[in-house]
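*Asks:* Give the three-dimensional model of this entry:
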Amino acid sequence: MIRTASLLALLASPAIADDLWQGRSAAFFGVTLIDTSAEGEMNGPRLDETARIEMVEAQAARALRAHGLRLVDLAPVTGELARTRNPAACNGCELRMARRLGADYAVVAEVQKVSNLILSMNLYVRDATTGAQLRGLAVDIRGNTDESWQRGMRYILERNLFR
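*Replies:* Numbering: from 1, shown residues only. Model prediction:
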């Protein structure tokens, strides 16, 4: 009996994951770079890191859409979003904006750069109505390269969001 129940749960898990996304909408507030390295403080934003933020934002958006989520237009909250330094750490402002946009979910992500060797990437999906975290993962990545950033985002998407 236990084996049968375990097997059924295992077989049903992809369907359950798909049910979480299919026909739902999300406000994806992009990826925020938090540069706590001495380099960032001294030299300011780097063009390659700005391009990497855009790259992993596009990677995440494609994956969200591919799994059945409709990403809502953020235009109605552009002003509030511009005043928000980091939607992943704004005391629930992402939930309020997602509700105003009529989205089922709020999706936020950030990359914290400690140094060119040590970075941390986080992505979280929360229910816009209840605030409950539905999925989310933080991973450490080594190396400040396109490949390491893509690999970090892919790991979060494949091993947590769409498992």
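
*Asks:* Next, the spatially most central residue of the chain: secondary structure please.
*Replies:* Geometric centre of the chain, nearest residue: residue 123, 3.2 Å, by C-alpha atoms, centre = their mean. Per DSSP: H, G, I helix; E, B strand; the rest coil, the secondary structure class of residue 123 is strand.

*Asks:* and it, how far is that from residue 84?
*Replies:* According to C-beta to C-beta, to the nearest Å, residue 123 and residue 84 sit 17 Å apart. Any C-beta I mention is one placed from the backbone N, CA and C, and that applies to glycine too.

*Asks:* Strands along this protein, start to end?
*Replies:* Using DSSP state E, the strands found in the chain span residues 25-35, 70-71, 105-113, 118-127, 133-142.

*Asks:* Need the ones you listed in TSV (columns: mean pLDDT).
*Replies:* Formatted as TSV, the strands of the chain follow (pLDDT from 0 to 100):
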stretch	mean pLDDT
strand 25-35	97
strand 70-71	98
strand 105-113	97
strand 118-127	97
strand 133-142	97
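
*Asks:* could the ones you listed go into CSV alongside distance to residue 154?
*Replies:* Converted to CSV, the strands of the chain look like this (distance: least, C-beta to C-beta, whole Å):
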stretch, distance to residue 154
strand 25-35, 14
strand 70-71, 19
strand 105-113, 13
strand 118-127, 10
strand 133-142, 10
